[in-house]
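**Q** Below are the sequence and a predicted model for it; my questions follow.
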Amino acid sequence: MVDNYSSEADALGSLSSTAPTSSIKNDTTKTSHNESEDECNYSIMTIDTNDFKKLLLPKSNISSDNKLNFDACFREKPFKTVAYGPINVNVRQTMAPTLATGRRSKFTKLEGDAAVKREIRRKRNREAARKLKAKREQVEQQLQTDIDELESRERELLFTISSLESYKTKLELRCDRNMVFIEERLARATAPTLKQEHIRQAHQSVLVHNDDVHAKEEKRSPSPQWQLLFSI
């Protein structure tokens, strides 16, 4: 009888050591954990120290789907926020649990609180997916509007550039024509001027020659009157 009591006490001690510490009232230990969004699910576990036979049964009131894994559930799970344009995404730093690492399959049938919590979680996920889809569509529509405006602006600028290049070509042709016309007018205007200049220079040279002749004649002394009388 003493051996059975000691074995039952050892079993109780092993179970109480695996459970988290909490307040004890009337020899009853109750531990409650709310279900988190990353599949760390716990059900309420009640340990009655007056009933040792229930603790020794192979099947406890803890379901196989809700395994006690406090180290995995209570460790910090930091998130890194990555911005994809106007959308911010929280990226997990730790690896998400899979079916191979203890994740429960979505096809597993649950009952009671676990089923209610699963339905609440799925409803929240559907709502979040709906909001994300609406935001993604809004961002996509806004980006498409911006792209259309930029493409329209690009077409307008290309048309303006083409018009300016055509206007530049016309101005260059007009400038070339005006330069040729101005050169021809200058040539026609300078030709008579050069001829008149040659005539003026020739006339001036003739006048200078006549002046020299008159000056030489004036330098000769006239014959006296008595010389004329004797010459007769």
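**A** Arrived safely.
**Q** going forward, measure contacts and count neighbours with C-alpha atoms only.
**A** Fine.
**Q** Would you mark the buried spots in stretch 80-98?
**A** Across stretch 80-98, burial judged by 16 or more other CA atoms under 10 Å covers no residue at all.
**Q** could I get it in CSV with only the CA atoms?
**A** The C-alpha trace of stretch 80-98 is given here as CSV (Å, rounded to 0.1, in the frame of the first residue of the first chain):
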residue,chain,number,x,y,z
LYS,A,80,10.6,41.8,-39.4
THR,A,81,8.6,44.4,-41.3
VAL,A,82,9.4,44.5,-45.0
ALA,A,83,7.9,47.3,-47.2
TYR,A,84,6.9,46.4,-50.7
GLY,A,85,6.0,49.8,-51.9
PRO,A,86,2.9,50.9,-49.9
ILE,A,87,2.4,47.4,-48.5
ASN,A,88,4.1,46.4,-45.3
VAL,A,89,4.6,42.6,-44.7
ASN,A,90,5.6,41.1,-41.4
VAL,A,91,8.1,38.3,-42.0
ARG,A,92,8.7,35.6,-39.4
GLN,A,93,12.2,35.3,-38.1
THR,A,94,11.5,31.7,-36.9
MET,A,95,10.5,28.8,-39.0
ALA,A,96,6.7,28.1,-39.0
PRO,A,97,5.7,24.7,-37.7
THR,A,98,4.9,22.1,-40.3
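**Q** Just the mean pLDDT for the helix ranked longest in the chain, thanks.
**A** Assignment by DSSP state H gives helix 113-219 as the longest helix of the chain. Regarding helix 113-219, the rounded mean pLDDT is 85.
**Q** what's the answer for stretch 89-97, then?
**A** Across stretch 89-97, pLDDT averages out at 77.
**Q** residues contacting P86?
**A** V139 (CA atoms under 8 Å, 6 or more residues apart in numbering).
**Q** could you redo the last one with a cut-off of 10 Å?
**A** By CA atoms under 10 Å, 6 or more residues apart in numbering, the contact list for P86 reads 135-136, 139.
**Q** and it, backbone torsions?
**A** With angles defined as degrees, to the nearest 10, P86 shows backbone torsions of phi -80, psi 0.
**Q** ok, now the one 4 residues further on?
**A** Comment: the main-chain dihedrals of N90 come out as phi -90, psi 120, following degrees, to the nearest 10.
**Q** can you pull up the bridge partners for it?
**A** T81 (DSSP bridges).
**Q** K80 versus that one, what's the distance?
**A** Note on N90: its distance to K80, by CA to CA, to the nearest Å, is 5 Å.
**Q** what does P97 give?
**A** For P97, the distance to K80 equals 18 Å [CA to CA].
**Q** can you check E140 too?
**A** Distance, E140 to K80, using CA to CA: 24 Å.
**Q** now swap in R103 and tell me
**A** Look at R103 and K80: by CA to CA, they are 23 Å apart.
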